[in-house]
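Colleague: Fold the following and give me the result.
(chains A and B)
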Amino acid sequence: MEDSRIVQLYWDRDPRAIDASAEKYGLYCAAIARNILGSDEDAEECVNDTWLHAWGSMPPQRPRVLSAFLGRITRNLSLNRYKGRAAQKRGGGELPAVLEELAECVSGEEDVEQAVDRQELAKALHGFLAALPREKRELFICRYWYTESIPELARRFGMKENAVSVALNRLRKKLRAYLTERGFEL
Amino acid sequence: MTTTTFYEILGDIDDRYIEQARQARRRKPLRILWAAAAACFVLAVAAAAGMVLLHGESGGFLPVQTENTSRPAGSGTAGSDPGPSAGDDNLIGSRPGKVINSFNAGATASYAFPKPGQCGFATEVRAAMEEYAGQDAAFQVAIDIFKAKGVSLTDKEMAAEYQRLNDLGCPLYLAHSWMYVLNNETDPHAQIEESPYTRVVGIFTAEELKDFPVEQEYGYFFFFLTDGDNRPVSVAEADRVTDFSGYPFPAE
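Modeller: As a prediction, this is how the structure comes out:
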């Protein structure tokens, strides 16, 4: 089913919207959740919650890229679940490793006096990604948005694991420099 | 800023980049591997457990690497709800029965390059062939053709190979599809656009696919063609192509 038709089903308050979403994007969302949580059971719950959140968001929203819209809901829900787990000191999927890498880009402390405008930072991240060669950008997004493991990335991109790590390391350094140049003190 | 907050904000990146990476995760294999021109890489098409098999010329089947992405609750059990999502009951030319142009296999796999003289099938195609075994059905598939070590054919070689297949009686059609692209790779304000392109597809029965008239120097990989939003692409008899001297054919 076309994305626009699935969105219309949501707008029509037709419960078939959820079946259609699950059919078309269930595996996609499950992979995102599993990467973050490392648990099929938790991932399944997050994916089911995704459809409920989508049901609550459409209308008023009418996403142009439904996959990204649903994937983002799953990512946020999974992150929230991870936070709850972290408080209980339970493990996660690939996320702990990803967060450790991202620690190179931020101070690691919340400073309310240096509160960063989230929208401005998102805009800067967009500028950074836009300036990257396409394959580098895709590698970065697969790691830091899709939370994919290094071995998985190596397989997908036809690279050795070490080469993936090196490439990501360079990208993080580049990102940090990019943000610092633009006045972001994270 | 904590790493968790930073990770959270990274989630706000533009939809088009997320979508572009998603499609790259599905289509990465061929592009990357062509560029690398390497021999033993694997390719990924989307986001399950299962086994993909390569059909050898000898009739043997070679298992290749797969990934486990079982379906979530509410969407059925992998392989249990596999019906075709489009293309049912299309009557094309002399092809009787159903023409299957998509299939939900509930699985994603990584594929090895088909070696010269061999054919490989995407998970969805193989699952559809199994589902419709013994039925009056044919499969509308696109074909990737490689030389040894995954090297792609030139346009001239592709034209010659399509012509050879046509002359052998293979029914080939021109499918019109589209993919998402950025209208300017380096512009932060670039827009995501639907970019049309054409692709030659063939309609074959399972038996014809299993006994495909391969050119011994080439390896063949069959898959269902989809648009950028995963919608299957259909062709009609009017799309039949018998003369490939004008290949590659421009998009409308």
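
Colleague: Just the buried positions in the helix or strand bottoming out on mean pLDDT in chain A, please.
Modeller: Ranked by mean pLDDT, DSSP states H and E, the helix or strand of chain A with the weakest confidence is helix A:150-157, at a mean of 84. Within helix A:150-157, the residues that qualify as buried are A:Ile150, A:Glu152, A:Leu153, A:Ala154, A:Arg155, A:Arg156, A:Phe157, counting by 16 or more other CB atoms under 10 Å in any protein chain shown. The C-beta positions use only the backbone N, C-alpha and C, and glycine is treated the same way.

Colleague: just the angle between whichever helix or strand comes after it and helix A:150-157, please?
Modeller: Using DSSP states H and E, the helix or strand that follows helix A:150-157 towards the C-terminus is helix A:161-181. When axes from the mean of the first three to the mean of the last three CA atoms, to 10 degrees is applied, the directions of helix A:161-181 and helix A:150-157 differ by 100 degrees.

Colleague: is it true that B:Ala133 touches B:Ala206?
Modeller: Yes - using CB atoms under 8 Å, B:Ala133 is in contact with B:Ala206, at 6.6 Å.

Colleague: Who has more neighbours out of these two?
Modeller: B:Ala206 (20 against 9; other CB atoms under 10 Å in any protein chain shown).

Colleague: quick one: contacts for that one?
Modeller: By CB atoms under 8 Å, 6 or more residues apart in numbering or on different chains, the contact set of B:Ala206 is B:Met129, B:Tyr132, B:Ala133, B:Ala137, B:Phe139.

Colleague: same deal with A:Arg137?
Modeller: Taking CB under 8 Å, 6+ apart, one finds A:Leu129, A:Ala130, B:Tyr17, B:Gln20, B:Ala21 in contact with A:Arg137.

Colleague: Can you get me a residue count around B:Asn166?
Modeller: The number of residues near B:Asn166, taken as other CB under 10 Å, comes to 18.

Colleague: and the most centrally placed residue in chain A, what does it touch?
Modeller: Residue closest to the average C-alpha location in chain A (CA atoms, centre = their mean): A:Trp145, at 3.3 Å. Contacts for A:Trp145 (CB under 8 Å, 6+ apart) come out as A:Arg75, B:Leu10, B:Gly11, B:Ile13, B:Ile18, B:Ala21.

Colleague: just checking, which of those belong to helices?
Modeller: A:Arg75, B:Leu10, B:Ile18, B:Ala21 (DSSP state H).

Colleague: want to try a markdown table for these, with distance to A:Ser165 and pLDDT as columns?
Modeller: What follows is the ones in helices among the contacts of A:Trp145, written out as a markdown table (distance: CB to CB, whole Å; pLDDT from 0 to 100):
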| residue | distance to A:Ser165 | pLDDT |
| --- | --- | --- |
| A:Arg75 | 23 | 94 |
| B:Leu10 | 19 | 92 |
| B:Ile18 | 23 | 90 |
| B:Ala21 | 19 | 86 |
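
Colleague: Dump the residues you listed to JSON lines, plus neighbour count.
Modeller: Formatted as JSON lines, the ones in helices among the contacts of A:Trp145 follow (neighbours: other CB atoms under 10 Å in any protein chain shown):
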{"residue": "A:Arg75", "neighbour count": "26"}
{"residue": "B:Leu10", "neighbour count": "21"}
{"residue": "B:Ile18", "neighbour count": "21"}
{"residue": "B:Ala21", "neighbour count": "25"}
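
Colleague: re earlier: ramachandran coordinates for the residue nearest to the centre of chain A?
Modeller: phi -110, psi -50 (degrees, to the nearest 10).

Colleague: Give me the outermost residue of chain A relative to its centroid.
Modeller: A:Asp12 (28.3 Å).

Colleague: B:Glu194 belongs to a helix?
Modeller: No - read with DSSP: H, G, I helix; E, B strand; the rest coil, B:Glu194 is strand and lies in no helix.

Colleague: from the contacts of A:Arg137, which two are the most distant?
Modeller: Greatest spacing in the contacts of A:Arg137, by CB to CB: A:Ala130 and B:Ala21 (13.5 Å).

Colleague: And the helices in chain A?
Modeller: Remark: helices assigned in chain A by DSSP H are A:3-11, A:16-37, A:40-57, A:66-87, A:95-102, A:118-131, A:134-144, A:150-157, A:161-181.

Colleague: what's the most buried one of those?
Modeller: Of all the helices of chain A, helix A:16-37 carries the top mean neighbour count, a mean of 24, counting by mean count of other CB atoms under 10 Å in any protein chain shown.

Colleague: wait, does that helix make contact with chain B?
Modeller: Yes - counting by CB under 8 Å from any CB of the partner chain, chain B has neighbours in helix A:16-37: A:Ile18, A:Asp19, A:Ala22, A:Glu23, A:Lys24, A:Gly26, A:Leu27, A:Tyr28, A:Cys29, A:Ala30, A:Ala31, A:Arg34.

Colleague: which helices and strands does that helix pack with?
Modeller: Counting contacts by 3 or more CB pairs under 8 Å, 6 or more residues apart in numbering or on different chains; DSSP states H and E, helix A:16-37 packs against helix A:3-11, helix A:40-57, helix A:66-87, helix A:95-102.

Colleague: Distance to B:Pro250 for those - can I get that in JSON lines?
Modeller: Converted to JSON lines, those look like this (distance: least, CB to CB, whole Å):
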{"stretch": "helix A:3-11", "distance to B:Pro250": "26"}
{"stretch": "helix A:40-57", "distance to B:Pro250": "38"}
{"stretch": "helix A:66-87", "distance to B:Pro250": "28"}
{"stretch": "helix A:95-102", "distance to B:Pro250": "43"}
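
Colleague: could you pull out the helices for the stretch 51-200 of chain B?
Modeller: B:123-131, B:155-167 (DSSP state H, counting those that start in this stretch).

Colleague: what pLDDT, on average, does the longest one get?
Modeller: If I follow you right, that is helix B:155-167. Taken as a whole, helix B:155-167 has an average pLDDT of 91.
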